[in-house]
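Engineer: starting from these lines, generate the structure:
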Amino acid sequence: WEEVLVDMIARAFRCEKKDAKKKRDLVNSGNIFGVYGALWKKLKWRRPLLTLAVEILSKDGEPDSILAGFGTTVYLAQNCITAKRIAFNQILASAHIAILDKRKKDKPAAKSKSEETKNEALSFSEAKEKLYEMMEVYLDQHKEHALKNTVLEPSKYMYDKQGQTHNRDSNDVHGYNYPAGMLLSTLHVQLPLIPMMGDTYPDQGFMDVWDATGDTDKLWEIFKKPENFGKAYTGLRKELKSLNFKKYPQSGCFKSIGSAKSVKNIANICVNPDKKYDVCRKHFADQYVSKFAYFFTKDFFLKKCFEVLNQEAVPEYIGFPAIFQRCFEEYKKLKTDIKDEKVIEWLYDEYFIDIEVDKVWDIFTFLGITKDRASVSVPAPLGSTIKDLIKACKLDEKTAKAFDDQGYDDLGWLLTKAQESDLKDMQKHLNMAHDDFQRVSDCLEDWREQKKNSTSKTK
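Structural biologist: Have a look, this model is predicted:
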């Protein structure tokens, strides 16, 4: 460990190995050898991975990149265990980038064809494989930006307004773990950095930002704008300047339950059906899940996804236009009505300003990235008879007949009185396939909600 650490520091500073142990981080003035050594001791089972990552950087890392990385990792490594884990992840990520860069350097350059021509000459399966790699990178970036705009950046803004600089600066550590854990338990969303469920420091950077009293609606309108997606609040000061708040949420607390305690605790509460948590669950669903999900709606996600990839703004997206054009040529074989030669001409209007999102959805579905629009369920209008339920769920004649034969002909009972156990009994009596039963359950749930909303409006 110490040998490869000395080699990495010497490579970064371009100095003799004998001088490496004395070198300090240029940002935080921390002794790099000492700080990394203390981090290694804390990591226990992760030590071999850290050693391997540092060894890779000592041989193949770009000196300037390693040096720049010290600015973040040295600071994080001197803080709590959660921050140390983030430092460890960043060192591994740097090693991974070094490996990819080395592969590109070692790969012999083509003499006769440009990179774009090579991409156009790919087989369809090769083009699709490259596209999937780009999509994986983009999806991770999109999820991170969605979390930033849903909770992290609005929280930092509110901490900054109150002069709570420590909580603002801890937001990327503890403030990240709590909402990430809650999204993991409710939506099963796995973010690139997996939350530390044992984190017990909610008062250091975690805020129930959407429980504030004041211009929260205006705050959301700012952070939901496509042009602000992924931006730090510091770049939005002009828009945020006019907002006012009468009451700020207490750091570390969440709606109706007080202290969030640990990430595991509040993540479990978000899916706990106990009535005492109803207010908390509804608040999280309305104010966090819905906001996070907004960034994955058809119009927002598909437009943002295609345009970011097509701009080739980062190395991982280089070659996307040619690769997507190759996929478009394969797609056209199934669509005889497409006259455009270029995919850009087909997707955009004549002025190349507005993109047709439905076309993006169709070609993405062809490529296996999105689901077929026809298969995405939309709640059926509230029915009044069992026949309406059977039609909405697209059940076959045999299953439809079984409803009558077994006496399940009262939709009102199913909507208002039937318990979960009753529905399970119904599945058994009707010998329903799992998928059929799931559609019926989902439809009944949608209709109960529609009936409830209809009753509320009537009152």
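Engineer: quick check: residue 27 is in a strand.
Structural biologist: No. Residue assignment for residue 27, taken from DSSP: H, G, I helix; E, B strand; the rest coil, gives coil, which places it outside any strand.
Engineer: for it, give me its contacts.
Structural biologist: Residue 27 makes contact with 70, 71, 74, 75, according to CB atoms under 8 Å, 6 or more residues apart in numbering. (C-beta placed from N, C-alpha, C; glycine too.)
Engineer: okay, now the unreliable bits of the stretch 51-200 of the chain?
Structural biologist: Along the stretch 51-200 of the chain, the model assigns pLDDT under 70 to residues 107-120.
Engineer: hang on, I meant the stretch 251-400 of the chain
Structural biologist: Regions of the stretch 251-400 of the chain meeting the criterion pLDDT under 70 cover residues 373-379.
Engineer: now do the SS call for residue 198.
Structural biologist: coil.
Engineer: and stretch 47-55, what's buried?
Structural biologist: Neighbour counts over stretch 47-55 (16 or more other CB atoms under 10 Å) mark 50, 51, 53, 54, 55 as buried.
Engineer: my read: the first one touches residue 44, true?
Structural biologist: No. Counting by CB atoms under 8 Å, residue 50 stays clear of residue 44, with 10.4 Å between them.
Engineer: which of the buried residues of stretch 47-55 sit farthest apart?
Structural biologist: Maximum pairwise distance in the buried residues of stretch 47-55, criterion CB to CB, is 9.6 Å, between 50 and 55.
Engineer: and residue 6, how many neighbours does it have?
Structural biologist: The local packing count at residue 6 equals 19, with neighbours defined by other CB atoms under 10 Å.
Engineer: correct me, but it touches residue 20?
Structural biologist: Yes. With contact defined as CB under 8 Å, residue 6 and residue 20 form a contacting pair (4.6 Å).
Engineer: identify the contacts common to the two.
Structural biologist: Common contact partners of residue 6 and residue 20 (CB under 8 Å, 6+ apart): residue 33.
Engineer: quick one, phi psi at the residue lying closest to residue 348 once chain neighbours are set aside?
Structural biologist: With sequence-adjacent residues excluded and distances taken as CB to CB, 6 or more residues apart in numbering, residue 348 is closest to residue 355, at 5.5 Å. Backbone torsions for residue 355, taken as degrees, to the nearest 10, come to phi -90, psi 140.
Engineer: residues near residue 355, how many?
Structural biologist: Residue 355 has 18 nearby residues by other CB under 10 Å.
Engineer: residue 406 versus that one, what's the distance?
Structural biologist: Between residue 355 and residue 406 the distance, using CB to CB, to the nearest Å, works out to 51 Å.
Engineer: equivalent analysis for residue 18, please.
Structural biologist: Residue 18 sits 85 Å away from residue 406, taking CB to CB as the criterion.
Engineer: residue 276 too?
Structural biologist: Counting by CB to CB, the gap from residue 276 to residue 406 is 37 Å.
Engineer: secondary structure element for residue 306?
Structural biologist: Secondary-structure element containing residue 306, defined by DSSP states H and E: helix 298-311.
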